[in-house]
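3D, please:
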Amino acid sequence: MRGEELFPGLGEGEQRAWINLVKVLLSLPGALESQLLRDADLTLLGYMILARLSMVPGESLRMSQIAEMANGSLPRISHAVARLEDRGWVTREVCTGQGRRFTTATLTEAGRAHLAASAPAHLATVRRLVLDPLGEDFVPVGAAVERIVENLGLPTEILESR
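Now for the predicted structure:
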């Protein structure tokens with residue numbers, strides 16, 4: 001099958017852009033996670049959970065909010081948070097409110113310290129793999145990606161804590 005048959009309606013430039021975007025989507029998370037596992041004993045999801053908690057007032061979120069941020073199921077997020085809790089980086093607490101039970105996750109001092117220690121090497125990897133190659137295009141690319149995030153129905157505000 002020829003390329004134009006695989007992607008009917010896409011021009012040559014669009015096909016090239018799409019294939020390269022798919023390469024990034026499939027390869028970048030693994031490259032970022034490899035660095036985090038090697039240097040910080042953290043998965044990419046674990047790092048993002050700690051980072052998200054560090055950005056909100058009280059450093060605490062409902063599990064459902066973490067799942068929304070990570071676009072993951074509650075069982076998957078619960079498992080990831082349990083691993084962080086086992087290491088002393090977060091605590092979980094069952095709460096009640098408005099007639100419902102929910103669980104919150106809160107960043108601990110040890111979690112904050114581990115995140116701070118992990119951040120420089122992770123940022124260096126992000127800079128090497130993403131920021132430096134894009135240069136001045138990074139912010140416009142981010143704005144374009146935000147439209148995709150919105151189209152997927154995901155929140156775009158990083159500090160939103162409802």
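
strands of this structure, start to end?
Ranges of strands in the chain, per DSSP state E, are 60-62, 90-97, 100-107.

what helices or strands is the longest helix seen in the chain leaning on?
Using DSSP state H to define each element, the chain has its longest helix at helix 12-40. Packing partners of helix 12-40 (3 or more Cβ pairs under 8 Å, 6 or more residues apart in numbering; DSSP states H and E): helix 44-54, helix 109-126. Backbone N, C-alpha and C define where each C-beta goes, glycine included.

pick the most deeply packed of these.
helix 44-54 (a mean of 21; mean count of other Cβ atoms under 10 Å).

any idea which residue sits dead centre in the chain?
Met48 (4.8 Å; Cα atoms, centre = their mean).

looks like that one contacts Met69 (just checking).
Yes - applying Cβ atoms under 8 Å, one finds Met48 in contact with Met69, separated by 7.3 Å.

could you verify my assumption that Leu74 touches Arg62?
No - Leu74 is not in contact with Arg62 according to Cβ under 8 Å; the separation is 10.2 Å.

could you measure from Ala110 over to Lys23?
37 Å (Cβ to Cβ, to the nearest Å).

among the helices and strands of this protein, which has the poorest mean pLDDT?
helix 3-6 (a mean of 63; mean pLDDT, DSSP states H and E).
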